[in-house]
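Trainee: This is a predicted model, with the sequence first.
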Amino acid sequence: MAVAVQTQCCRTPLATIGGGYASLCPTDFAIFRHANLAARAHASSLYSLRRRRAISLLTLTTFFRSSPSSAVSESQSPSSPSGFVEIPDSGGVRVLDLRVNDSGSAPSDGDTIVIHYYGRLPAKQGWRFDSTYDHRDAIGDPIPFTFILGSPKVISGIQSAVRSMKVGGIRRIIIPPSQGYQNTSQEPLPPNFFDRQRLFTTIFNPTRLANGEGSTLGTLVFDIEFVSLRHPTKD
């Protein structure tokens, strides 16, 4: 004959510590341990999220205060550069002029633009994900980036910055996510597959976006040098 066996937890209040029991039966101990592990995991997740946000903000602050990049020699940089200013109607793009050329005309939509650039990602501690100075032709000369101003193929932030520049100028630009990469086909693109993969898995990381990091993940920092422009030919 089957005998029904009922187990009962024995909580003996030998010595309470912070309202808990110093001695727990196996069942209560398992429950207590599970709750403790869950609390630790939650706290660790919150710490990681706050730490990533803090690192991103710290990296951006470092960019604000840093000296001009290696794209600009010391003789080219101004003695007392002005602070970053936001370009009107740009969606929040901010620029710092490192070298200004007052001669010539500003570009307009339809012009062919040629620039050199360094691109960095603050969400990856300022990782330099691409540079035209690393793109070399057959004789070893760097290959600049060429695009048509106004083309939807190029991220808006770079186009906004170039519109108010003149050939020979150099700018550091901070591009908010809304004016940066909106998909994985927009240019400029790192030629290396693994660099592209690392760039876009960071910017479009679904977990981090769900955690509220969208305002920093896609932020970009570019140093651009306006090399040349060509107006469209008229028939």
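Mentor: It's in.
Trainee: Give me the buried positions along the one helix or strand residue 222 maps to.
Mentor: Under DSSP states H and E, the secondary-structure element containing residue 222 is strand 220-230. Under the neighbour-count criterion of 16 or more other C-beta atoms under 10 Å, strand 220-230 has 220, 221, 222, 223, 224, 225, 226, 229 buried. C-beta coordinates here come from the backbone N, C-alpha and C atoms, glycine included.
Trainee: what does stretch 92-109 give?
Mentor: By neighbour count with 16+ other C-beta under 10 Å, stretch 92-109 contains the buried residues 93, 94, 95, 96, 97, 98, 99, 107.
Trainee: neighbouring contacts of that stretch?
Mentor: 68, 72, 76-78, 81-87, 113, 149-150, 156-157, 160-176, 178-179, 223, 226, 229 (C-beta atoms under 8 Å, 6 or more residues apart in numbering).
Trainee: Separate out the buried members of those.
Mentor: The buried subset of these (16+ other C-beta under 10 Å) comprises 68, 72, 87, 113, 149, 156-157, 160-163, 165-176, 179, 223, 226, 229.
Trainee: pLDDT below threshold where in the chain?
Mentor: Where the chain drops to pLDDT under 70, the residues are 1-82, 235.
Trainee: For stretch 198-212, output the C-alpha coordinates as CSV.
Mentor: Below are the C-alpha coordinates for stretch 198-212, written out as CSV (Å, rounded to 0.1, in the frame of the first residue of the first chain):
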residue,chain,number,x,y,z
ARG,A,198,31.9,45.0,-36.1
LEU,A,199,30.6,48.5,-36.9
PHE,A,200,27.1,47.4,-37.7
THR,A,201,26.7,44.8,-35.0
THR,A,202,27.5,47.6,-32.5
ILE,A,203,25.3,50.3,-34.1
PHE,A,204,22.3,48.0,-34.6
ASN,A,205,22.7,45.8,-31.5
PRO,A,206,19.1,44.9,-30.6
THR,A,207,19.8,44.1,-27.0
ARG,A,208,21.6,47.4,-26.3
LEU,A,209,19.0,49.4,-28.3
ALA,A,210,16.3,47.8,-26.2
ASN,A,211,18.2,48.9,-23.1
GLY,A,212,18.0,52.5,-24.1
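Trainee: can you give me the strands in this protein?
Mentor: For the chain, applying DSSP state E gives strands covering 16-17, 20-21, 85-86, 94-99, 112-121, 127-131, 145-148, 170-175, 220-230.
Trainee: Residue 209: which of those is closest?
Mentor: Residue 209 lies closest to strand 112-121 among the strands of the chain, at 15.1 Å (C-beta to C-beta).
Trainee: and the closest one with strand 220-230, angle?
Mentor: Relative orientation of strand 112-121 versus strand 220-230 (axes from the mean of the first three to the mean of the last three C-alpha atoms, to 10 degrees): 170 degrees.
Trainee: got the buried residues for strand 112-121?
Mentor: By neighbour count on 16+ other C-beta under 10 Å, the buried set for strand 112-121 is 113, 114, 115, 116, 117, 118, 119, 120, 121.
Trainee: so the last one touches residue 205, yeah?
Mentor: No. Taking C-beta atoms under 8 Å as the contact criterion, residue 121 and residue 205 are not neighbours in contact, 12.0 Å apart.
Trainee: Identify the contacts common to these two.
Mentor: Listed as contacting both residue 121 and residue 205 by C-beta under 8 Å, 6+ apart is no residue at all.
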